[in-house]
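Visitor: just the structure for this:
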Amino acid sequence: MAGLVALFIVTALIGLGIGNRKGRALQGLLLGLLLSVIGILIIALMPVTEEAKIRRAQEKMRVQRARRGEPLIRLRRVRSEGEDLAQQPPAPAQGTPGSWEQPLPPGAPWQEPEQSTEGAES
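Guide: Reported below is the predicted structural model:
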């Protein structure tokens, strides 16, 4: 009897893991718990939800940006009056125009940034 209970718990956890990857965590847990191996097969054959596809694509983009050394930006999809704010062009950069400088190539010696004397009083 204890082995049967352990089997249902293990299949529930496997169903939870498969369902979580597909955006259906609760369904995977319940199918694995109630139907055991058949429930795992059912959840494995269910399609991935759109939210899970979006989440996976955002994670891939975050990893790619981190590998390239770009700053991590988290976008939130927000709808305001039927307008998707994630589709708007990015806001202009803060600071003075032309203040950004090219990064040093790998292995180049460090150079102190030049101090601007504009607006400074003597």
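Visitor: assign a three-state SS to Ala108, would you?
Guide: Under DSSP: H, G, I helix; E, B strand; the rest coil, the three-state class of Ala108 is coil.
Visitor: so how far is Gly39 from it?
Guide: Using C-beta to C-beta, to the nearest Å, Ala108 is found at 58 Å from Gly39. Backbone N, C-alpha and C define where each C-beta goes, glycine included.
Visitor: Gly32 too?
Guide: According to C-beta to C-beta, Gly32 stands 5 Å off from Gly39.
Visitor: repeat that for Ile9.
Guide: From Ile9 across to Gly39, the span is 13 Å (C-beta to C-beta).
Visitor: next one: Ala57
Guide: Ala57 is 28 Å from Gly39, by C-beta to C-beta.
Visitor: for this structure, where's the lowest mean pLDDT among helices and strands?
Guide: When each helix and strand of the chain is scored by mean pLDDT, DSSP states H and E, strand 79-80 comes last, with a mean of 52.
Visitor: and the helices in the chain?
Guide: Using DSSP state H, the helices of the chain run over residues 2-21, 25-35, 37-45, 50-68.
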